[in-house]
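[1] Sequence first, predicted model second:
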Amino acid sequence: MARNQLSLGLALPISWAREDFLEVPGNAAALAAVEGAAQPALALYGPPGSGKTHLAHIWAATHGARLIGPADLTPAAVDELARQPLALDDADRHADPVALFHLVNLMRERRHALLLTGSAAPAHWTYTLPDLMSRLKAMPAERISEPDDALLSAVLVKLFADRQLQVGEDVVKYLAARIERSCRAARDWVAVLDAAALAENRAVTVVLARRLLEEVPASD
């Protein structure tokens, strides 16, 4: 059963810095697009936990852009928002369709770069405004895939090695089968296990991993 977040007692500070983004084959193309020359418009899409928000922060830092969410996008705010490069995270979730349509048009007119993120490709977003969907379908998009079992295990092995932790294959398999299938979750759980092992002066074992995972409610 996947765990999609750490309990309050184990929560780690979130860093959106480039050095804390773990590049893997499933996100390499998206990362290259984010770090490359700013395109007039770009969309990133992938499942929850795949790193879209982290990449949006990297894009914003790289291109001097502002990062907002759907609640920040209102018809009255469009003119001000479109005065600089802009990233709209979760653009597929309840954004005002009229405001989003005008934002896309105004950003293009003013030649400011625009980044949108969502769970699906923009062509599959469910906005009912035809002109907006036409703009979204024409937007270049990069997909971020979640790691498969083998890749997630390899990520865990690398993260443990980076911390100079000797961990058995049984621990890696146990974690890979139970944590959220994302690089961020792998990084967070390795950090939590490292901290717990250090605090208790013990090795990282399946017993320790099981105990910590049981403290976190399973995702729906």
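    Great, that's in hand.

[2] and Asp142, that one's in a helix?
    One correction, residue 142 is Glu, not Asp. No - under DSSP: H, G, I helix; E, B strand; the rest coil, Glu142 falls outside any helix and is assigned strand.

[3] list the contacts for the residue nearest to it when sequence neighbours are not counted?
    Spatial nearest neighbour of Glu142, chain neighbours left out: Ala30 (4.1 Å); criterion: Cβ to Cβ, 6 or more residues apart in numbering. The way it works is simple: take the backbone N, C-alpha and C, and place the C-beta from them, glycine included. Contact analysis of Ala30 by Cβ atoms under 8 Å, 6 or more residues apart in numbering lists Leu44, Gly46, Gly51, Leu55, Glu142, Arg143, Ile144.

[4] in the protein, which ranges drop under the pLDDT threshold?
    By pLDDT under 70, the low-scoring segments of the chain are 1-13, 217-220.

[5] quick one: contacts of the top helix by length along it?
    Looking across the chain with DSSP state H, the single longest helix is helix 183-200. For helix 183-200, the external contacting residues (Cβ under 8 Å, 6+ apart) are 3-4, 6, 10, 12, 20, 22, 24, 27, 49, 51, 54, 147, 152, 155-156, 159-160, 163, 165, 175, 179, 203-204, 208-209, 212.

[6] Sort out for me which of the residues you listed are in helices.
    With DSSP H as the criterion, helices contain His54, Leu152, Val155, Leu156, Leu159, Phe160, Leu175, Leu208, Ala209, Leu212 from among the contacts of helix 183-200.

[7] where does the nearest residue to Thr128 once chain neighbours are set aside fall, phi/psi-wise?
    Excluding its sequence neighbours, the residue lying closest to Thr128 (Cβ to Cβ, 6+ apart) is Pro97, at 7.1 Å. Note on Pro97: its backbone torsions stand at phi -60, psi -40 [degrees, to the nearest 10].
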